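Colleague: below is the structure, and that's it, no one-letter string:
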């Protein structure tokens, strides 16, 4: 048995969700793909996949094995690429994981430019909000955190930003513009629905006293755990919301939204890029991360400047 080939076939069966689909991608016959996975299971002495007429799923042993296999295959591919030629164009698969808001507003907008620079790198972006981060399963796992973040992971800070209050011009014409934080109690507010914080309180910081936040009581009219939904409702005149300046900068520039209560902010935010604990980091991962950090920091600096004018 060619164990390396069997490992590649097994990983592709999981990705494609079936033997026939994997066979098409690998340009093999379905019986060969099935036999290679069966040989691998026999060699390991355990079942990796649960097969039913409707779906294919990983066993517990299969989940653990898949994680290790992906690390091994990634290391082998990178070693092969390095051995072929040091100056050869970067190639291979780059697997990214990000929650929806970071995927939509930070990662995805940069992929086209990165692909133009490195057309032989294939990017797989997994978008999902998870309590337990799948750091070992991806080349880079992006996560957002506030300034108190102290996670026990290998992570590189990508950017630092601020959250600000915004509303539509139509809402402000109709309801007036608050001049002091305490006036928010008389406005329709759209906070993020977070079970760890009180929904009727916004913490606010003033640059004159950046270490002492004020707790401002608000009147929530819409709670959501989805940034896009709150932003859409705000654009439609539903009220005032708190959002990262990077996300809202295009709407501010076009006059679709207006900053409220400047220079007060409602939070300091950071984005981190976590990498697997294995020591070897492929060159394509390092290149992408350097590119992402450079571009996002440029964008954040522009957004912060625009929001303060």
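Modeller: On my side now, so go ahead. Every value quoted in this text rests on a predicted model; they were computed, and no experiment measured them.
Colleague: hey, let's count contacts and neighbours off CA atoms from now on
Modeller: Noted.
Colleague: pLDDT below threshold where in the chain?
Modeller: 1, 53, 81-89, 146-154, 278-280, 306-309 (pLDDT under 70).
Colleague: strands of that one, start to end?
Modeller: 49-51, 56-58, 92-98, 121-127, 140-146, 155-167, 188-190, 201-206, 209-217, 219-220, 240-244, 258-260, 267-274 (DSSP state E).
Colleague: who are the packing partners of the second one?
Modeller: Same thing as strand 56-58. strand 49-51 (3 or more Cα pairs under 8 Å, 6 or more residues apart in numbering; DSSP states H and E).
Colleague: remind me what the strand it packs on packs against, helices and strands.
Modeller: Under the contact rule (3+ Cα pairs under 8 Å, 6+ apart), strand 49-51 is packed against strand 56-58.
Colleague: apply 10 Å and report the result again.
Modeller: helix 3-16, helix 30-44, strand 56-58, helix 60-84 (3 or more Cα pairs under 10 Å, 6 or more residues apart in numbering; DSSP states H and E).
Colleague: and residue 76, which of the strands of the chain is closest to it?
Modeller: Among the strands of the chain, strand 92-98 comes nearest to residue 76, with 10.9 Å by Cα to Cα.
Colleague: note down every partner strand of that closest one and its orientation.
Modeller: Strand 92-98 has the following sheet partners, assigned by DSSP bridges: strand 121-127 (parallel), strand 140-146 (parallel).
Colleague: show me the domain layout of this protein.
Modeller: 3-68, 89-309 (automatic domain parsing).
Colleague: how far off centre is the shortest one?
Modeller: Taking Cα atoms, centre = their mean, to the nearest Å, one finds domain 3-68 lying 28 Å from the centre of the chain it belongs to.
Colleague: from start to finish, how long is it in a straight line?
Modeller: 14 Å (Cα to Cα, to the nearest Å).
Colleague: just to revisit the earlier point, please identify the most buried of the strands paired with strand 92-98.
Modeller: strand 140-146 (a mean of 20; mean count of other Cα atoms under 10 Å).
Colleague: so how far is that one from its chain's centroid?
Modeller: For strand 140-146, the distance to the chain centre is 7 Å (Cα atoms, centre = their mean).
Colleague: sorry, back to before: how about TSV for the strands paired with strand 92-98, with distance to residue 9 added?
Modeller: Output for the strands paired with strand 92-98, formatted as TSV (distance: least, Cα to Cα, whole Å):
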stretch	distance to residue 9
strand 121-127	18
strand 140-146	23
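Colleague: those strands: which one's closest to residue 134?
Modeller: Nearest of the strands paired with strand 92-98 (Cα to Cα): strand 140-146, 7.3 Å.
Colleague: quick check: angle from that closest one to strand 155-167?
Modeller: 50 degrees (axes from the mean of the first three to the mean of the last three Cα atoms, to 10 degrees).
Colleague: closest one to residue 274 among the strands paired with strand 92-98?
Modeller: Comparing the strands paired with strand 92-98 under Cα to Cα, the one sitting nearest is strand 140-146, at 5.0 Å.
Colleague: quick one, that closest one and strand 267-274 angle?
Modeller: Using the same axes, to 10 degrees: strand 140-146 against strand 267-274 is 160 degrees.
Colleague: for the residue positioned nearest the centre of the chain, give its distance to residue 201.
Modeller: The centroid of the chain falls nearest to residue 98 when counting by Cα atoms, centre = their mean (2.0 Å). From residue 98 over to residue 201 the distance is 28 Å, taken as Cα to Cα.
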